[in-house]
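In: my questions are about this predicted structure, shown below with the sequence.
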Amino acid sequence: MVRYAALKGLYDLEKTIGSGGFAKVKLATHIATGEKVAIKIMDKISLGDDLPRVKLEVQALKTLLHQHICRLYQVIETDGHYFMVIEYCSGGELFDHIVEKNRLSETESRKFFRQIVSAVAYLHSLGYAHRDLKPENVLLDREENLKLIDFGLCAKPKNGIDSHLQTSCGSPTYAAPELILGKKYLGSEVDIWSMGVLLYALLCGFLPFDDNSIENLYRKILSGKYAEPSWLSTSSKRLIRAMLQIDPKKRITIQELCNHPWITAGFLNPVSFVHKTNFEKDDDVLSTMSAICGEHASDIWRKLVKSDRTDYRTATYLLLLDRKLRGLSLRISSSAKSHF
Ligand SMILES: O=C(Nc1ccc2c(c1)CCNCC2)c1ccc(-c2cn[nH]c2)cc1OCc1ccccc1
């Protein structure tokens, strides 16, 4: 087991559960609370010119507080590595969940899709676009709640979500026509297209546009033509059509999506989200922490609010808050004392 000095006393590293391009994801335990976390370890050398993506992802994740966006607890930077301590999603990828069930029922698809819509509506309301929405970037937690990950490509155009972007990014399979044509596009509109591809994958178990050759794949996407399997209800077909509109101006908007009949069917209310970018103050958690480090709860809170949200104190606060929200006891080990 490779020992990273930077994590000593803070996290116990366990097995590697995933390794992608320039990152690997290891399970770990946050020592102060005993809570499980995932640590995304990136080697700066192999990151190369992707380094800005990490900064972009950290900047975005520090601001985003939503129950369906994977929480960032701490960031540790050394000369050679970045360590991103992230929410534990033991349900793995939504993609694997779909594959193992072949396809999801309309009811189960709706449960997941409402969560995605809520997360994306929240993102857009803060001026962010994800730009890489695909089943691999949607994880499930222990209660099969959905968590959006990988904000390495997300954009926050300086003059707001309605200003044009140009960089072509993301995976072609989920990319909107205007994006693969290299046109100027709106992040919000390309996210709607990718969500249409995601919804199709949930309901069908395969992709609307797929081909081994990239030019055939592009041709299919630009045609906007895809199969509508017999099991799709009329309402499902209508919603998918509204999202997979080639002309971005004809595409359904995120607001219309939140209120769409398919989305609200069987539910009491449209999809909503809380405009939250600040932690709520919890006195039980603060007094648990103050009992250990001897500081007053008010001092701990002041430091938390002033912090850049990537230190061990923030991680400990958020993990204790998670435990409380899950109805578990608030426990903390005295070893934590020296770390915040
Ligand atoms: O907690 C994460 N993953 C994760 C944790 C526990 C388990 C599994 C998976 C499934 C494999 N069986 C063991 C249980 C986990 C959290 C955050 C991120 C993450 C956030 N931004 N970037 C990456 C990635 C994560 O994983 C990647 C992964 C690994 C194996 C498969 C599916 C997904």
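Out: Received the coordinates, thanks. Numbers count the residues shown, from 1 in each chain.

In: ok, P270 touching N259?
Out: Yes: taking contacts as Cβ atoms under 8 Å, P270 lies within contact range of N259: 4.4 Å. Every residue, glycine included, has its C-beta placed from N, CA and C.

In: compare these two (neighbour count), which wins?
Out: Set P270 next to N259 and count neighbours by other Cβ atoms under 10 Å: P270 wins out with 15 against 11.

In: return the distance of the more buried one relative to the ligand.
Out: Distance, P270 to the ligand, using Cβ to the nearest ligand atom, to the nearest Å: 28 Å.

In: so what's S188 up against?
Out: 124, 129, 161-162, 253-254 (Cβ atoms under 8 Å, 6 or more residues apart in numbering).

In: for D150, which non-adjacent residue is closest in space?
Out: N137 (4.5 Å; Cβ to Cβ, 6 or more residues apart in numbering).

In: check the gap between the one you found and D191 for me.
Out: Computed as Cβ to Cβ, to the nearest Å, the N137 to D191 distance reads 12 Å.

In: where does the stretch 151-300 of the chain dip in pLDDT?
Out: Within the stretch 151-300 of the chain, the ranges that satisfy pLDDT under 70 run 166-168.

In: what residues does the chain have near the ligand?
Out: Counting by Cβ under 6 Å from any ligand atom, the chain comes close to the ligand at 17-18, 25, 27, 38, 40, 70, 86, 88-90, 92-93, 139, 149-150.

In: count the neighbours of L126 for me.
Out: 15.

In: does it touch L64 like I think?
Out: Yes: with contacts counted by Cβ under 8 Å, L126 reaches L64, the gap being 7.2 Å.

In: correct me if wrong: I31 contacts A336.
Out: Yes: between I31 and A336 there is a contact at 7.0 Å, judged by Cβ under 8 Å.

In: so K62, which of the three states?
Out: Per DSSP: H, G, I helix; E, B strand; the rest coil, the secondary structure class of K62 is helix.

In: next, the contact list for the closest residue in space to V120 that isn't next to it in sequence, please.
Out: Excluding the flanking residues, the one nearest V120 by Cβ to Cβ, 6+ apart is D191, at 5.7 Å. Residues in contact with D191 (Cβ under 8 Å, 6+ apart) are 120, 123-124, 129-131, 133, 254.

In: so which of the residues of the chain next to the ligand is the most crowded?
Out: L139 (26 neighbours).

In: for it, give its distance to R323.
Out: According to Cβ to Cβ, L139 stands 20 Å off from R323.

In: and L207, by the same measure?
Out: Taking Cβ to Cβ, one finds L207 at 38 Å from R323.

In: circling back: output the contacts of S188 in JSON lines; the columns should cover secondary structure.
Out: Shown next, in JSON lines, are the contacts of S188 (three-state DSSP):
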{"residue": "H124", "secondary structure": "helix"}
{"residue": "A129", "secondary structure": "strand"}
{"residue": "I161", "secondary structure": "coil"}
{"residue": "D162", "secondary structure": "coil"}
{"residue": "T253", "secondary structure": "coil"}
{"residue": "I254", "secondary structure": "helix"}
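
In: from these, which is closest to S223?
Out: The closest of the contacts of S188 to S223 turns out to be T253 (Cβ to Cβ; 23.3 Å).

In: burial check on that closest one, number of neighbours?
Out: There are 12 residues near T253, going by other Cβ under 10 Å.
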